[in-house]
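**Student:** return atomic coordinates for the entry below.
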Amino acid sequence: MRYCLRCCYPENTKPSIIFDEDGICSGCKTHEQRQKQKVDWNAKHEELKQLLESYKEQAEKNNSPYDCIIPVSGGKDSHYQAHLLTKVYKMKPLFVTYNHAYNTKVGIRNLNNLVNKFGADLLRYTTNPKTARKLSLYMLSKVGDMTWHYHAGIMTFPMQTAVKYKIPLVIWGEHGIGYLFGMYNLDDKIEFTKKHRQEHLMRGFEPEDILDDAENKEITRTDLAPFFYPSDDEINSVGVRGIYLANYYPWNQHENTKMVIENYGFETFQTREETFNLYEKVEDFFNNTHNYLKYLKFGYGRATDHASMEVRHQRMTREDAIEKIRIHEHLKRPKNLDVFLKFAGISEQEFLDRIEHLRDPSIWEKDSTGEWQLLDWIGNHVFDEGVKDAKLPINEKFEVIRSIPHKSNLDNTNSNDDELVTL
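**Tutor:** Numbering: from 1, shown residues only. You can find the predicted model right below:
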């Protein structure tokens with residue numbers, strides 16, 4: 001397997017990345033371009049201000065009590081989006097969230113904190129655990145993703161709400177994978193689209209595809225209610241538009257997280273199993289198992305994502321990043337897989353059998369005993385030719401995020417929230 005000489009991504013990264021003639025991936029090149037690009041951020045802030053003012057007027061014409069919708073989970077991005085829109089731009093947002101039923105205790109605390117600190121109304125759609133189980137098992141077999149309904153819900157229910165309440169503007173934080181893998185740069189001014197939602201976040205599936213599937217014996221139209229995207233006529237009747245704040249601000253998740261911890265009491269994990277990053281996806285109980293599935297399919301997981309971003313931001317050397325991957329990801333079975341197996345009512349062998357057809361043959365192969373073996377990993381490429389030339393200097397001004405344990409965890413700092421919260 002070929003690996004980026006600057007970060008830690010393999011050539012089989014999904015969605016696709018490409019390598020240039022120097023062996024550096026498109027994600028690294030796009031990040032480098034954005035860092036070097038001379039941007040008049042003050043002008044962009046003014047552009048955003050004018051855009052928001054125009055949508056305030058449109059919301060008023062629609063007789064809507066809210067200026068915009070902020071899709072939230074209660075995470076770090078939700079807090080930062082709320083800060084910008086309520087404190088800086090004085091918007092009156094409606095928070096909209098999709099409860100996938102796989103919550104952590106810290107995630108629920110953060111969601112409550114978000115509502116209390118910013119004084120905005122929250123509309124929350126809750127999928128019941130029985131439906132969550134059905135959807136998880138179905139998508140586990142189809143695409144190897146037992147969290148499909150997470151993405152489907154948060155990317156669709158806010159748009160349904162926008163149409164229903166005639167709120168013309170939906171505001172997201174950043175176009176995550178677009179910048180992570182080099183799909184877009186700042187000049188593209190990428191906006192939210194149904195196409196991106198379907199192809200990348202919903203793995204190509206719409207609810208109609210599930211209902212039309214002859215193999216589907218359990219999932220009903222009621223189960224899929226929050227995932228039906230509004231029609232073009234419905235969208236156009238309100239003029240709904242989805243924008244990303246990262247088009248107007250130099251989005252830096254590390255700095256944003258520090259700010260919301262210090263100013264709004266955002267809570268991180270204190271320890272973590274599947275990665276060293278303590279502040280991303282803290283609301284997702286089964287994130288460990290979700291990333292294990294990614295590893296079983298493609299030979300890399302969440303620690304690779306986080307390590308690669310640390311390298312690009314010059315907060316970590318590639319060598320240190322690879323060591324983090326070894327500790328947190330390489331050949332690791334997550335502890336909370338047992339919780340999912342019990343919840344789903346399947347054995348571990350059935351879990352593995354359901355995703356066997358999704359293993360990438362460029363990184364996995366069966367040995368003579370029929371056991372899957374990993375063909376390669378980033379740890380075999382520490383000293384590849386060209387690594388030295390691609391290396392970035394470390395930012396000496398970097399400050400590590402210091403999280404403060406919640407009062408309930410003062411006597412137990414291992415607060416990885418090992419209890420599933422469905423509501």
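**Student:** ok, which stretches of the stretch 1-150 of the chain are strands?
**Tutor:** Shown for the stretch 1-150 of the chain, the strands assigned by DSSP state E, counting those that start in this stretch span residues 68-71, 93-99, 121-126.
**Student:** before we move on, what about the stretch 151-300 of the chain?
**Tutor:** Under DSSP E, counting those that start in this stretch, the stretch 151-300 of the chain gives strands at 169-172, 241-244.
**Student:** and among these, the most buried is which?
**Tutor:** Of all the strands of the stretch 151-300 of the chain, strand 169-172 carries the top mean neighbour count, a mean of 24, counting by mean count of other Cβ atoms under 10 Å. Quick note: C-beta positions are derived from backbone N, CA and C, even for glycine.
**Student:** who are the packing partners of that strand?
**Tutor:** If you count contacts as 3 or more Cβ pairs under 8 Å, 6 or more residues apart in numbering; DSSP states H and E, strand 169-172 packs onto helix 41-61, strand 68-71, helix 148-164, strand 241-244.
**Student:** what packs against the second one?
**Tutor:** Taking 3+ Cβ pairs under 8 Å, 6+ apart as the contact definition, the neighbouring helices and strands of strand 68-71 are helix 41-61, helix 76-82, strand 93-99, helix 148-164, strand 169-172.
**Student:** out of those, which gets nearest to residue 269?
**Tutor:** For the helices and strands packed on strand 68-71, the distance to residue 269 is smallest for helix 76-82, at 11.7 Å, taking Cβ to Cβ.
**Student:** now that closest one: how far from the chain's centre is it?
**Tutor:** The chain centre lies 13 Å from the centre of helix 76-82; the measure is Cα atoms, centre = their mean, to the nearest Å.
**Student:** just say which of the helices and strands packed on strand 169-172 is most tucked in.
**Tutor:** The most buried one of the helices and strands packed on strand 169-172 (mean count of other Cβ under 10 Å) is strand 68-71, showing a mean of 26.
**Student:** surely residue 63 and residue 166 touch.
**Tutor:** Yes. With contact defined as Cβ atoms under 8 Å, residue 63 and residue 166 form a contacting pair (7.1 Å).
**Student:** more neighbours: those two, which one.
**Tutor:** For residue 63 versus residue 166, the count of surrounding residues by other Cβ atoms under 10 Å is larger for residue 166: 18 against 8.
**Student:** and that one, how far from residue 92?
**Tutor:** 14 Å (Cβ to Cβ, to the nearest Å).
**Student:** with residue 279 instead?
**Tutor:** Taking Cβ to Cβ, one finds residue 279 at 28 Å from residue 92.
**Student:** those two: which is more packed in?
**Tutor:** residue 279 (21 against 16).
**Student:** phi and psi next, for that one.
**Tutor:** phi -120, psi 0 (degrees, to the nearest 10).
**Student:** what number of residues lie near residue 142?
**Tutor:** Should you count by other Cβ under 10 Å, residue 142 turns out to have 21 residues around it.
**Student:** correct me, but it touches residue 205?
**Tutor:** Yes. Residue 142 is in contact with residue 205 according to Cβ under 8 Å; the separation is 7.3 Å.
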